[in-house]
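Engineer: task: produce atomic coordinates for the following.
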Amino acid sequence: PKAAMVAVAVVAACTVAAVALAPGLSRPWILPASRLRPIVAPRMALDDPTTGPDADQAGSGPPEAELLEDIARFKARDTERAGAADAAGPDIAMTVINGLGVVLTCNFIIIVGLFLWFLTGAVAQLAAHVDGPINAFRVAWDPFILPLLTTHMALTFLSKGIEKATGKEQAGGVGGNWDIKL
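Structural biologist: Below is the predicted model:
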């Protein structure tokens, strides 16, 4: 601890000396006004639809009636799909996946709490020389924390495996475009 404090004091003294001895600059981190240049944003073609590359097409979109027809068609399609899914009954794979999602979410919240416990113990040990919180964490590691982490990882892989096996993967879900081959 004393060596670290001495090192910080030396760095601070060197910084103060460099600032004090810098020729002509009292604050070297601030540029003088003579070295600044004005910031001007270039004019974009999108600023004015009548002057851009698509100026001749401005306002030539589909009429409002066509848009309303499209909305009605999409709503009908979504209603048909929802009705077909309801008629087929609840899908057991999705029920399991959703249940695993709830368990994993609760598990994740517990893991975050355990991480905060670890951080508290580490800071208490290093800053205040209090070993109680970190020792309690070490005691809980084998019977509680390690099995919790193992279960969390196993359920995560199980959930992904069920999604892959049943083709119920959500597009654009967690993991991006990673294609995990099982």
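
Engineer: who does the host helix or strand of residue 105 touch, helix- and strand-wise?
Structural biologist: Element membership of residue 105 [criterion: DSSP states H and E] is helix 92-128. Contact here means 3 or more C-beta pairs under 8 Å, 6 or more residues apart in numbering; DSSP states H and E; on that basis helix 92-128 packs against helix 132-140, helix 146-166. Glycine gets a C-beta too; all of them are placed from N, C-alpha and C.

Engineer: for residue 159, give its distance to residue 79.
Structural biologist: Residue 159 sits 29 Å away from residue 79, going by C-beta to C-beta, to the nearest Å.

Engineer: looking at those two, which has the bigger crowd around it?
Structural biologist: Neighbour count, other C-beta atoms under 10 Å: between residue 159 and residue 79, residue 159 has more, with 18 against 10.

Engineer: let me see the confidence value for that one.
Structural biologist: If you check residue 159, the pLDDT there is 91.

Engineer: wait, it touches residue 98, no?
Structural biologist: No - applying C-beta atoms under 8 Å as the test, residue 159 and residue 98 come out as separate, 9.6 Å apart.

Engineer: number of nearby residues for residue 134?
Structural biologist: The number of residues near residue 134, taken as other C-beta under 10 Å, comes to 19.

Engineer: what of residue 106?
Structural biologist: 10.

Engineer: then the one 5 residues further on?
Structural biologist: Residues contacting residue 111 under the criterion other C-beta under 10 Å number 15.

Engineer: for it, what are its contacts?
Structural biologist: 148, 149, 152 (C-beta atoms under 8 Å, 6 or more residues apart in numbering).

Engineer: among those residues, which ones are buried?
Structural biologist: Among the contacts of residue 111, the ones that count as buried by 16 or more other C-beta atoms under 10 Å are residue 152.

Engineer: now the contacts of residue 111 as CSV including pLDDT and distance to residue 112?
Structural biologist: Below are the contacts of residue 111 laid out as CSV (pLDDT from 0 to 100; distance: C-beta to C-beta, whole Å):
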residue, pLDDT, distance to residue 112
148, 93, 12
149, 94, 12
152, 94, 11
